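# got a predicted structure here, sequence first:
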Amino acid sequence: MTLPRVSPAEAGLNQDHLDRAGDLLKQAIDAGQISAASLTVSRHGSIGYARGFGKEHPDRDAVHADSIFLLASISKPISVLALVQLIERGRVVLNDPVQTYLPGFVGEHKERVLVRHLLSHTSGMPDMLPENIELRQRHTPMSGFVDAALKTPLLFEPETDFRYQSKGILLASEIVDRAVGKPFRNILQEELFGPLEMNRTALGLGGRAIDETVWCGADAEAEQSDYGPNSPYWRDAGHPWGGVHSTGPDLIRLLETMQQGGGRLFSASAVREMTRDQNGSLRAPWGLGWGFRDSRVWAYFGDLCSARTFGHTGATGTVAWADPETGVCCAVLTNEMVEEVLRRVSNVVASAVS
């Protein structure tokens, strides 16, 4: 999917507002809150702003618009897209029990967990496994995380509460993996990143060296364990809840596809279901993988977007959102989680509609 890069005015955006958003990122860098950032904004299919700020690493090159960041939890809705494709192809049903596809998923109340619950954070699965650190210290492959997730007890009965949970996304990706019979990272590449020409996006490093990506952390002394966010193991582990690397323009290609009704990859009905609140009775708005402006968690889309705005945030300091009311798509990628920076930049971008 090719998106033209035009002037802000040609995209229906206000240059002064976008420059102000960029200034906020530069100020955060000067204050030592972050050390790297990129901002990409589009409207109605045209990119009107794409810039990088700071350095990819304190000792390396400057960030540019196409610098590669670890997205963290923006990976979640991206991973869900692969499952939605199987739903469209008649191979998975949202209201089927998870046990239909993962018979090893056994334990109290697990027979009541539906595929839908995995995607809307209502399954009862934990965010992280009790043995998460131990698994990472051993450099366990994702198959080991899956085995542990299948056995871990639920925290609550399904659809009785909302609790943000990464392990539900892990199980959703395992459903796709088993149905297709390929590694999940390959499925995302073949079915999503390739067709959308997201050429600098991969689950894991995609054959790149870490030095070709932005360092996680605001300084060179950021956590450097052999299982942390800057380790070769974790960067290439392929964890579907947080392991996608991408750029601002690549993310905008994905968001614009959603805005345009799915393009060649999804039907309009699939996009409608993904961006519909699945948790009305719990008063915890969430779609299939996507959060909303008024979601309880990870909704750093600012105050000025419409209530229909969908997107996601990542703990490495990233946020991406799309507002169907204005046609604006925004990707703010940084290398340190500073909530106020993401919210303030999002507010300025949302107000840039001219």
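All right, it came through fine.

# alpha carbons only for contacts and neighbour counts from here, please
Will do.

# now the strands for the protein?
Taking DSSP state E as the criterion, the chain carries its strands at 36-43, 46-54, 69-70, 202-203, 244-246, 291-292, 310-314, 318-323, 328-334.

# TSV for those strands, including mean pLDDT?
TSV is the format used below for those (pLDDT from 0 to 100):
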stretch	mean pLDDT
strand 36-43	99
strand 46-54	99
strand 69-70	98
strand 202-203	99
strand 244-246	99
strand 291-292	98
strand 310-314	98
strand 318-323	98
strand 328-334	99
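
# quick one: which of the ones you listed is nearest residue 97?
The stretch from the strands of the chain with the least distance to residue 97 (Cα to Cα) is strand 291-292; that distance is 23.0 Å.

# what lies in contact with the closest one?
285, 286, 298, 299, 307, 308, 309, 310, 311, 312 (Cα atoms under 8 Å, 6 or more residues apart in numbering).

# go with 10 Å
The contact list for strand 291-292, computed with Cα atoms under 10 Å, 6 or more residues apart in numbering, reads 74, 77, 120, 274-277, 284-286, 297-301, 305-313, 321-323.

# could you check the pLDDT of the residue most central in space within the chain?
Geometric centre of the chain, nearest residue: residue 74, 1.1 Å, by Cα atoms, centre = their mean. On the pLDDT scale, residue 74 is placed at 99.

# restricted to helices, list the contacts of strand 291-292.
77, 274 (DSSP state H).

# buried ones among the contacts of strand 291-292?
74, 77, 120, 274-277, 284-286, 297-301, 305-306, 309-313, 321-323 (16 or more other Cα atoms under 10 Å).

# so where do the helices sit in the stretch 151-300 of the chain?
For the stretch 151-300 of the chain, the helices defined by DSSP state H, counting those that start in this stretch occupy 166-180, 184-188, 232-235, 248-259, 268-274.

# among the ones you listed, which is the most enclosed?
helix 248-259 (a mean of 24; mean count of other Cα atoms under 10 Å).

# check which helices and strands that one sits against.
When contacts are defined as 3 or more Cα pairs under 10 Å, 6 or more residues apart in numbering; DSSP states H and E, helix 248-259 sits against strand 36-43, strand 46-54, helix 268-274, strand 310-314, strand 318-323, strand 328-334.

# rerun that using 8 Å as the cut-off
For helix 248-259, the elements it packs on are strand 36-43, strand 46-54, strand 318-323, strand 328-334, judged by 3 or more Cα pairs under 8 Å, 6 or more residues apart in numbering; DSSP states H and E.

# so how far is stretch 46-64 off the chain centroid?
Its chain's C-alpha centre lies 20 Å from the corresponding centre of stretch 46-64 when counted by Cα atoms, centre = their mean, to the nearest Å.

# tell me how far the residue nearest to the centre of the chain lies from residue 247.
When distance is defined by Cα to Cα, to the nearest Å, residue 74 is 12 Å away from residue 247.

# residue contacts, residue 198?
For residue 198, the contact set (Cα under 8 Å, 6+ apart) comprises 250, 251, 253.
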